[in-house]
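1. quick one, fold the following:
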Amino acid sequence: QVQLVESGGGLVQAGGSLRLSCAASGRTFSSYALGWFRQAPGKEREFVGAISWLISDTYYPDSVKGRFTISRDNAKNTVYLQMNSLKPEDTAVYYCAAGSLFVGLRVYEYTYWGQGTQVTVSS
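-> Have a look, this model is predicted:
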């Protein structure tokens with residue numbers, strides 16, 4: 001069982017930066033793939049970044065590539081999402097997720113989810 005708690009969301013102007021954190025419980029954190037997803041009102045939850053277990057390979061969709069960076073600190077049981085050059089279309093609730101697989105790019109591949117943190121980017 002893994003419990004995830006996100007933090008770091010807020011209001012930022014376009015072009016600004018935020019760093020989201022996701023703290024996890026559980027002693028096997030290092031063996032999980034970790035991901036970040038977001039969901040805007042009226043839209044489906046979408047993938048924004050993933051990091052594999054063991055070798056920490058990272059994956060991003062084209063919409064955030066070059067602007068977002070996912071990283072993990074297994075000693076702190078924490079995964080981060082550094083978001084730079086934010087755009088109004090990045091506004092959404094951001095969720096972290098953990099799954100018992102090498103890496104996941106899709107919602108259904110993850111078992112554990114946080115409660116989400118709101119990110120609002122003003123123009």
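2. now the residue positioned nearest the centre of the chain: how far from Arg27?
-> Nearest residue to the geometric centre of the chain (CA atoms, centre = their mean): Trp36, 2.3 Å. From Trp36 across to Arg27, the span is 22 Å (CB to CB, to the nearest Å). In short, each C-beta sits where N, CA and C put it, glycine included.
3. who's in contact with the residue nearest to Val103 when sequence neighbours are not counted?
-> By the measure of CB to CB, 6 or more residues apart in numbering, the closest residue to Val103 outside its immediate chain neighbours is Ser52, 3.8 Å from it. Contacts for Ser52 (CB atoms under 8 Å, 6 or more residues apart in numbering) come out as Ala33, Thr58, Tyr59, Phe102, Val103.
4. scan these and report the most crowded one.
-> With neighbours defined as other CB atoms under 10 Å, the most crowded of these is Ala33; it has 24 neighbours.
5. tell me the spacing between that one and Gly26.
-> 14 Å.
6. now the strands: where do they sit in this protein?
-> In the chain, the segments counted as strands under DSSP state E are 4-7, 10-13, 18-24, 33-39, 46-51, 58-59, 68-73, 78-83, 92-99, 112-113, 117-122.
7. can I get those in TSV with mean pLDDT?
-> Listed next are these as TSV, based on pLDDT from 0 to 100:
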stretch	mean pLDDT
strand 4-7	97
strand 10-13	98
strand 18-24	97
strand 33-39	97
strand 46-51	97
strand 58-59	96
strand 68-73	96
strand 78-83	97
strand 92-99	97
strand 112-113	96
strand 117-122	98
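8. so Ala40 touches Ala92, yeah?
-> Yes: with contact defined as CB atoms under 8 Å, Ala40 counts as touching Ala92 (4.2 Å).
9. more neighbours: which of those two?
-> Ala92 (22 against 14).
10. what's opposite the more buried one in the beta bridge?
-> Val119 (DSSP bridges).
11. buried stuff in stretch 27-36?
-> Phe29, Tyr32, Ala33, Leu34, Gly35, Trp36 (16 or more other CB atoms under 10 Å).
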